[in-house]
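*Asks:* structure, please.
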Amino acid sequence: MERLVSQIERSFADVEQELADPAVLNDHQRLAEVGRTHRRLQTAHELARRWRAASQTVQDAEQGLESESDPEVRAYLLEELEASKLEVPALEEELRIAMLEHDPADDRNVIIELRGGTGGEEAALFAADLYKMLTGYADRLGFKHQVLTSDASDSGGLKDISFEITGDGAYSAFKWESGVHRVQRVPSTETQGRIHTSTATVAVLPEAEEVEVSVELKDLKIDVYRATGPGGQSVNTTDSAVRITHLPTGVVVACQDERSQLQNRERAMKILRARIYEAERERLAAEQAATRKSQIGTGARSEKIRTYNYPQSRVTDHRIKFTSHDFEQIMIGALEPFTSALQADWNRQQLEEAASSHADD
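*Replies:* Modelled structure (predicted):
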């Protein structure tokens, strides 16, 4: 553990030195990277400081007990020794978790793409429920959110919606929501009380900065057209809607929510960059034979990750076999128990892999 603590202390000192370097301060991309590393290491550095203090207390108390004969002083030293002996291993566990391999996207803002899946209008209504749940969670965490594009269904649901969530660590909180969500309930249109099953898909994309994803104008096909509302009727008289196709990858993004063509273009480009960035992350992960367990188990967005059973008022996450009956609170955004359980399971797997790797060495 001394070796790990020393490594943390050296790394933290190096990062603090970089933050004071004028060359780093003048490089926007490098400054952002160093700033993220600094924030991550702050927690580990504080744990390392507490570990050193607790370890020193154990050493001092043991030495004092060897020479001290006063009963009151010995009682105090024994109390200090017992408390610190409990604190040291707990801090060591926290330090190991703090220094697990860190996803560099964890600190980023996110763009969430939510679509109704199988189930027609009921799926669109469920997608709207998920949108309320996810934005409610964002509100609980103190994050901001903004709709980028949306397409409402005739019943007031959502065929699809893309929205941005901004805040330090947004991706680390929302990455667990990526995958297929399933609902089991009696639709309002069901006259015989039968339970129907519908789905909605959620894609959580870390937001890319312009300096990280180079999109050449020559690689884009940009079409403009008149925005349309339900039923296809024109909702304005200018060509404000924008559809951008990234020719090398085939990624297509359309945006018509804003009345200004420029605003629609900016929003479409933001989504386009995020999709390209995530595709590149997935390609690199595949090359390294890494599985995206932190997102959705096998990495397939077709995988069912969670079921919301309305008649039984329960929500089950299938990745970790975790069930909660706090149904109403979950549906307005109380996702903390799921996030904590998923993160703890991920930490456990990483620690086991690290221990296995060390055993093989």
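*Asks:* quick check, pLDDT for the residue of the chain most remote from its centre.
*Replies:* Relative to the centre of the chain, and counting by Cα atoms, centre = their mean, the farthest-placed residue is Ser69 at 55.6 Å. Note for Ser69: predicted pLDDT of 85.
*Asks:* just Ala83 next, same as before
*Replies:* At Ala83, pLDDT is 90.
*Asks:* what is the burial count for it?
*Replies:* 14 (other Cβ atoms under 10 Å). Backbone N, C-alpha and C define where each C-beta goes, glycine included.
*Asks:* distance check, it against Glu2.
*Replies:* 21 Å (Cβ to Cβ, to the nearest Å).
*Asks:* so Ile222 sits against Arg265, correct?
*Replies:* Yes - using Cβ atoms under 8 Å, Ile222 is in contact with Arg265, at 7.4 Å.
*Asks:* overlap in contacts, those two.
*Replies:* Val242, Ile244 (Cβ atoms under 8 Å, 6 or more residues apart in numbering).
*Asks:* which of the two has more neighbours?
*Replies:* Shown here are Ile222 and Arg265; by other Cβ under 10 Å, Arg265 has more neighbours (19 against 12).
*Asks:* and the pLDDT at the more buried one?
*Replies:* Value for Arg265, per-residue pLDDT: 90.
*Asks:* what does Ala152 give?
*Replies:* At Ala152, pLDDT is 90.
*Asks:* ignoring the adjacent residues along the chain, who's closest to it?
*Replies:* Closest residue to Ala152 in three dimensions, ignoring its sequence neighbours and counting by Cβ to Cβ, 6 or more residues apart in numbering: Leu158, at 6.0 Å.
*Asks:* please apply the same query to Ala61.
*Replies:* Leu81 (3.9 Å).
*Asks:* is it fair to say the one you found lies in a helix?
*Replies:* Yes - according to DSSP: H, G, I helix; E, B strand; the rest coil, Leu81 belongs to a helix.
*Asks:* after the helix or strand where Ala90 lies comes which helix or strand?
*Replies:* Assigned by DSSP states H and E, Ala90 belongs to helix 71-98. From helix 71-98 onward toward the C-terminus, using DSSP H and E, the following helix or strand is strand 110-116.
*Asks:* between whatever helix or strand comes next after that following strand and strand 110-116, how many degrees?
*Replies:* Past strand 110-116, further along toward the C-terminus, the next helix or strand under DSSP H and E is helix 120-141. Counting by axes from the mean of the first three to the mean of the last three Cα atoms, to 10 degrees, helix 120-141 lies at 160 degrees to strand 110-116.
*Asks:* just the CA trace of stretch 70-88, in CSV.
*Replies:* This file holds the C-alpha atoms of stretch 70-88, laid out as CSV (Å, rounded to 0.1, in the frame of the first residue of the first chain):
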residue,chain,number,x,y,z
ASP,A,70,-0.3,5.1,33.3
PRO,A,71,-3.7,3.4,33.1
GLU,A,72,-5.6,6.4,31.7
VAL,A,73,-3.0,7.0,29.0
ARG,A,74,-2.9,3.3,28.1
ALA,A,75,-6.7,3.3,27.8
TYR,A,76,-6.5,6.3,25.5
LEU,A,77,-3.8,4.7,23.4
LEU,A,78,-5.7,1.4,23.1
GLU,A,79,-8.8,3.3,22.0
GLU,A,80,-6.8,5.2,19.4
LEU,A,81,-5.0,2.0,18.3
GLU,A,82,-8.3,0.0,17.8
ALA,A,83,-10.0,2.8,15.9
SER,A,84,-7.0,3.4,13.6
LYS,A,85,-6.6,-0.4,13.0
LEU,A,86,-10.2,-0.4,11.7
GLU,A,87,-9.7,2.7,9.7
VAL,A,88,-6.5,1.7,7.8
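*Asks:* can you give me how far stretch 202-219 is from the chain middle?
*Replies:* Centroid separation for stretch 202-219 versus its chain: 17 Å, with Cα atoms, centre = their mean, to the nearest Å.
*Asks:* can you get me the start-to-end distance on it?
*Replies:* Terminal residues of stretch 202-219 lie 28 Å apart, using Cα to Cα, to the nearest Å.
*Asks:* could you break this protein into its assigned domains?
*Replies:* As assigned by automatic domain parsing, the chain contains the domains 2-98, 110-209+293-349, 217-284.
*Asks:* how long is the first one end to end?
*Replies:* To tie it back to what came earlier, the one meant is domain 2-98. For domain 2-98, the end-to-end distance is 15 Å (Cα to Cα).
*Asks:* which other helices and strands contact the lengthiest helix in the chain?
*Replies:* Selection of the longest helix in the chain by residue count, based on DSSP state H, yields helix 28-67. Applying 3 or more Cβ pairs under 8 Å, 6 or more residues apart in numbering; DSSP states H and E, we find helix 28-67 packed against helix 2-19, helix 22-25, helix 71-98.
*Asks:* in a markdown table, list the ones you listed along with distance to Trp51.
*Replies:* Below are those laid out as a markdown table (distance: least, Cβ to Cβ, whole Å):
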| stretch | distance to Trp51 |
| --- | --- |
| helix 2-19 | 6 |
| helix 22-25 | 29 |
| helix 71-98 | 4 |
